[in-house]
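[1] With the input below, show me the fold.
(one chain, ligands or ions: 1)
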Amino acid sequence: MRIIHECPRVVVVASLLLAGCVSLTPQQRAKVDEIQGFADRTTALYRVPGVRISIQPATNLNIGAMYRQGNIFVNVRMLDSASLTKVIAHELGHYVLGHEPAASVSSQADWQRAQEQRELDANAKAVEILMRADGMSQSDAVRIVIEALQRAQRAVDRGAPLTPGHLTPAAELADLKARFPEPR
Ligand SMILES: [Zn+2]
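    Sure thing, here's the model as predicted:
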């Protein structure tokens, strides 16, 4: 099998990120092209500068992807995950909403509260992005996000750590359902 190497440039943004080369299978490479295309369609629609998808080595932290300063860093394990589409739409949501790291925070508790709200807002923005950039109906887009949050909650129930800055997936799910109530 041909292995293609993805070598992101060294970006010092957070101690959580590792710079290095990741070996990708052709199937994973195709996924990268697919999500980069989705990102390109999104940034064109929202008339914002493009974002670069960078594939990162797997870590033990429960972080699938992370937006930072024009880049979306994706854990290589996400490329084989059923939640990939939701995760990329969510990170694009952070970008479109202008969620750059706060210049200063007065306390850890303040940071946590602000970050939790950003995560809820990014989930809702993901629905809009899936509708606009992928042409999904609202109910299909909501379902993509709901199913990913349900998978995330099952992982937490099995002992996976909560992703830093997030409420439980179940609490995020409740917020999303409140924003997009099912038609009666
Ligand atoms: Zn997020």
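[2] for residue 43, helix, strand, or coil?
    What DSSP: H, G, I helix; E, B strand; the rest coil gives for residue 43 is helix.
[3] So it sits against residue 52, correct?
    No - between residue 43 and residue 52 there is no contact under Cβ atoms under 8 Å: 10.4 Å. In this view, the C-beta of every residue, glycine as well, is placed from N, C-alpha and C.
[4] Which of these two has more residues huddled nearby?
    It is residue 43, of residue 43 and residue 52, that has more neighbours when counted by other Cβ atoms under 10 Å, with 18 against 13.
[5] In the helix or strand residue 148 falls within, which residues are buried?
    Assessed by DSSP states H and E, residue 148 sits inside helix 138-157. Neighbour-count burial for helix 138-157 flags 141-146, 148-149, 152-153, 156 (criterion: 16 or more other Cβ atoms under 10 Å).
[6] Return the list of helices and strands in contact with it.
    Identification of packing neighbours for helix 138-157 by 3 or more Cβ pairs under 8 Å, 6 or more residues apart in numbering; DSSP states H and E yields helix 84-96, helix 108-134, helix 169-179.
[7] Just say helix, strand or coil for residue 55.
    Under three-state DSSP, the three-state class of residue 55 is strand.
[8] Could you verify my assumption that it touches residue 77?
    No - using Cβ under 8 Å as the test, residue 55 is too far from residue 77 to be in contact (10.1 Å).
[9] Comparing those two, which residue is more hemmed in?
    The neighbour comparison of residue 55 against residue 77 (other Cβ under 10 Å) goes to residue 55, with 24 against 13.
[10] distance of that one from the ion?
    Computed as Cβ to the ion, to the nearest Å, the residue 55 to the ion distance reads 18 Å.
[11] Bridging across strands, which residues link to that residue?
    Note on residue 55: beta-bridge partners by DSSP bridges are residue 74.
[12] thinking again about what came up before, highest mean neighbour count out of the helices and strands packed on helix 138-157?
    helix 84-96 (a mean of 25; mean count of other Cβ atoms under 10 Å).
[13] for the protein, which spans come out with low pLDDT?
    For the chain, applying pLDDT under 70 flags the ranges 1-20, 60-62, 103, 184.
[14] do that again at 80, thanks
    For the chain, the stretches flagged by pLDDT under 80 are 1-21, 59-62, 101-105, 183-184.
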